[in-house]
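J.: Output the structure for:
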Amino acid sequence: MTEVFIKYNPYKVETIIKIDGQDIASGSKLASFKHERLQVWLDQLIPELSEELNEDNFKIIFHGTNLDYEDVKEICNSYTDIEIELEHISAKNSKDKIQELSNLIDYMQEGPFEEFKDKKIKENFNKVINSEFEIGVIATMSSGKSTLINAFLGKELMPSKNEACTAKISRIKNIDGYLGFKGRCLDEQRNEVVPFKEIEYEDMNNFNENPMISYIEIEGDIPNISSRKMNLVLVDTPGPNNSQNRTHREHTFSVIKNDTYKPMILYVLNGTQLGTDDDSALLSAVADAMKVGGKQSKDRFIFVINKVDQFDPDKESIPEMIEKARVYLENHGIKNPNIYPTSAEMAKVIRMNKNGYKLTRSQKSTLRNCDLFTDEPSMHLLQYTPLSNTVKNRINETISLFRIENDINNEALYHSGIPYIETAINEYLEKYAVASKITAAVNSFKKIVEERQMIQNIQQEIEKDENAREELYNQMKELEKVIKKGEKSKQFKKKIDTLKFDKYEGVRKIRGKIEQKLLKVSSKFRAEKVSKTQARTIIKEATKELSYLESDIFTDLENMINVSLKESAENLLNEYRNYIKDLVGIKKNNSFKWNNIELFTKNLPDANELIENNKYTEKEKVGERYVVNDNKKWYKPWTWFQKKGWYEDVYETREYVNVNELTRELSYPFKENLYKNIESCISYLNDEEKRLKSYFKNEIQELDNMVLNKAKELKEMSKDSKSLELRIKNEKENKYWLDNFVEKLDNILEI
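T.: So this is what the prediction gives:
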């Protein structure tokens, strides 16, 4: 039986695959996964192995974390037609890697290398470490979203009146160990309306009723979700029912579509009212987001079916209800959703009682009925969750202890389903968010360390090879001369002006989406003749769907701008790398083992840094977006929806209304506005690309100076054997320090 060894390190994002002890061929499809996250390509592993080995039975030895192994085991078990023997080599117990990295940064800045003491290194590291991780909570009306959040908090804080629940965006930042909750309020322009103060349920009610308030920022302990220095933020996101605030709608779509930071989404469905059209637009966006990015894109969406205790078991079982939800979601394009049935109210009341809060008469009644969950096996909700068997076994052991101790409340709490969602969140944080943060933190200083390593390695190589030393000296001498002359720099700047970046592929996709969606709206509201009363209902429904589409398209355009600018920045950086290659003058018979191009380009900014550095100096903050100037945005908001009574004026003299004509008149100005926005978007991108080119041309001198300084250092290092020998002798301790530093870093990241 062929033996396949796979070692995956989530902190280095590095995969090693060996087949019968031999490294896989570089041309293998599996080799292309070497620096991709496991969950991005895991669904391709078994088919690729089967094809490459031309066998339907083999052994996989997986060396990695327990959470990653569970994913490998799940994917292997899904291939019933292939015989796979699976073995796990556990990763070493993970300590607090983030704290260890913080300590390493302090050690780094006390070291012998001046470039390691740059304050920007620590600033960039802290920026990554202090970044927030969002969990967005989205729900349809009456689904119990506020109750779910209160169940997480173990107290009543979020108002549960339907008309108030979706009016604001509330952000709850987890502060481990903080007693109580404090909050402040901001208006639409993010100006502070209410400063930070201790808050209770009544304060939140008042905030929700205040029309001046758009955002509520809250800080407090979310006790059962492991923060692990993730700066966790639970966001009460407006649901699809709330079409009052365009900015809030756009925020909801943006959170769903965010493929860069991949925030978690808890999508709460009312188990007693499945099948409404309220969330069709959002679910379509969810389906699109889940189709890209492999398993992680699926794992970040959790669908919560709430209020399972309100079902009549004589009429419908929980498995039937879950199947109904699954079909409902699959009809919206969501395949194999992660569904968790819950009773948030039961969990909330049990935790409130445990925390010593006074219960209402209704809540006391709920608490008395907790035996529904302990005595009725069908209400043991763990059996319906998609958690792994390993996790389920661990939870069952905890439940058994509660049963032995006759702790009915805690047993019922677990059976309510809320702890299972918290477990899934903690797994996601550990598997993806923590690992990604550690990777990003290391990348914030890794380049400068690798650059110093390269120079140390060059010293060792040319010490042993006199010809290599002379070749390096002559090459650096010539490079210094070429840079100082400046002719190649002038030629490169002219080339930058001629570069053209394609942005129309994204535009074509968005235009196609507009036509497709408008056709769908038109076909939904099709009739020759209806009464004025029916027409008003149709207008209301069509307007709601068009408002969702407007926000959907707007966020598509925002994403397209970000993607297009990043591609433009990457193109510019690639051109600069080619320019450096031309400057250095690589020869086919180059005797060096080291990559001299990589040395000179190692510390270049990446595309995101380039865009960040190119930001405007004067900005106005509008909602969550930065725009160019005080009076003009790239987009043109459509306010036609707010012109109340429009259809009354048009149709007030008619007894009947032609719906086909009505929907055409409804959609025409909408479509016209969207296409104007697309043109504005293209114009904005053209201006931004000009600015980016101009900024990059101005930066070329600074980048050339960096190259020049490296060339001078290498020239000085290689000018003669005696100088090199003296330098190596003097830097012996420095080399020892650097080797020790790299070893410390490797030990932190090792599994």
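
J.: where does Thr247 fall, helix, sheet strand or coil?
T.: Assigned by DSSP: H, G, I helix; E, B strand; the rest coil, the conformation of Thr247 is helix.

J.: So for it, what's the pLDDT?
T.: pLDDT recorded at Thr247 is 75.

J.: For Phe5, grab the count of nearby residues.
T.: 19 (other C-beta atoms under 10 Å). The way it works is simple: take the backbone N, C-alpha and C, and place the C-beta from them, glycine included.

J.: what sits opposite it in the beta ladder?
T.: Lys18, Ile61 (DSSP bridges).

J.: List the buried residues for stretch 738-751?
T.: 738, 741, 744-745, 748-749, 751 (16 or more other C-beta atoms under 10 Å).

J.: Let me know the average pLDDT across the top helix by length along the chain.
T.: Counting residues, the longest helix in the chain under DSSP state H turns out to be helix 659-717. The pLDDT scores in helix 659-717 average 82.

J.: Met321: what's it in contact with?
T.: 271, 274, 305, 308, 311, 341 (C-beta atoms under 8 Å, 6 or more residues apart in numbering).

J.: Just the buried ones among the residues you listed, please.
T.: Going by neighbour count (16+ other C-beta under 10 Å), the contacts of Met321 have 271, 305, 308, 311, 341 buried.

J.: can you tell me how far Ser50 sits from Glu3?
T.: Distance check for Ser50 against Glu3: by C-beta to C-beta, to the nearest Å, it reads 15 Å.

J.: ok, those two, which is more surrounded?
T.: Ser50 (17 against 14).

J.: looking at it, the more buried one is touching Asp56, isn't it?
T.: Yes. Ser50 is within contact range of Asp56, at 6.3 Å (criterion: C-beta atoms under 8 Å).

J.: what sits in contact with each of these two?
T.: Taking C-beta under 8 Å, 6+ apart as the criterion, Ser50 and Asp56 both touch Ile82.

J.: any weak-confidence spans in the stretch 1-150 of the chain?
T.: Where the stretch 1-150 of the chain drops to pLDDT under 70, the residues are 94, 141.

J.: how about the helices in it?
T.: Using DSSP state H, counting those that start in this stretch, the helices of the stretch 1-150 of the chain run over residues 38-53, 66-77, 97-109, 119-129, 145-153.

J.: between these, which one is nearest to Asn705?
T.: In terms of C-beta to C-beta, the element of those nearest to Asn705 is helix 119-129, at 16.5 Å.

J.: Flag every buried residue along the closest one.
T.: Of the residues in helix 119-129, those buried (16+ other C-beta under 10 Å) are 121-122, 124-125, 128-129.

J.: neighbours around Met223, how many?
T.: Residue 223: Pro, not Met. Pro223 is flanked by 15 other residues according to other C-beta under 10 Å.

J.: tell me the contacts of the nearest residue to it once chain neighbours are set aside?
T.: Spatial nearest neighbour of Pro223, chain neighbours left out: Gly154 (6.1 Å); criterion: C-beta to C-beta, 6 or more residues apart in numbering. Residues in contact with Gly154 (C-beta under 8 Å, 6+ apart) are 223-224, 348, 351-352, 354-355.

J.: Need the max-distance pair from those.
T.: For those, the maximum inter-member distance is 13.9 Å, found between Asn224 and Met352 (C-beta to C-beta).

J.: who has more neighbours, those two?
T.: Met352 (21 against 18).

J.: so how far is the helix or strand that contains that one from its chain's centroid?
T.: Assessed by DSSP states H and E, Met352 sits inside helix 344-354. Helix 344-354 sits 31 Å away from the centroid of its parent chain (C-alpha atoms, centre = their mean, to the nearest Å).

J.: If you count contacts, what does that helix end up packed against?
T.: Secondary-structure packing of helix 344-354 (3 or more C-beta pairs under 8 Å, 6 or more residues apart in numbering; DSSP states H and E): helix 145-153, helix 361-368, helix 408-415, helix 418-428.

J.: run the last query once more with 6 Å
T.: Identification of packing neighbours for helix 344-354 by 3 or more C-beta pairs under 6 Å, 6 or more residues apart in numbering; DSSP states H and E yields helix 145-153, helix 361-368, helix 408-415.

J.: got those helices as JSON lines, with distance to Lys18 columns?
T.: Converted to JSON lines, these look like this (distance: least, C-beta to C-beta, whole Å):
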{"stretch": "helix 145-153", "distance to Lys18": "44"}
{"stretch": "helix 361-368", "distance to Lys18": "57"}
{"stretch": "helix 408-415", "distance to Lys18": "42"}
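
J.: which of these sits most buried?
T.: For those, the largest average neighbour count (mean count of other C-beta atoms under 10 Å) is found in helix 145-153, namely a mean of 26.

J.: Need the CA coordinates for that one. PDB is fine.
T.: What follows is helix 145-153 as a C-alpha-only set of coordinates in PDB (Å, rounded to 0.1, in the frame of the first residue of the first chain):
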ATOM      1  CA  LYS A 145     -31.300  37.400  17.100                       C
ATOM      2  CA  SER A 146     -31.200  39.600  20.200                       C
ATOM      3  CA  THR A 147     -32.100  36.700  22.400                       C
ATOM      4  CA  LEU A 148     -29.200  34.700  20.800                       C
ATOM      5  CA  ILE A 149     -26.700  37.500  21.600                       C
ATOM      6  CA  ASN A 150     -28.100  37.800  25.100                       C
ATOM      7  CA  ALA A 151     -27.700  34.100  25.600                       C
ATOM      8  CA  PHE A 152     -24.000  34.500  24.700                       C
ATOM      9  CA  LEU A 153     -23.700  37.300  27.100                       C
END
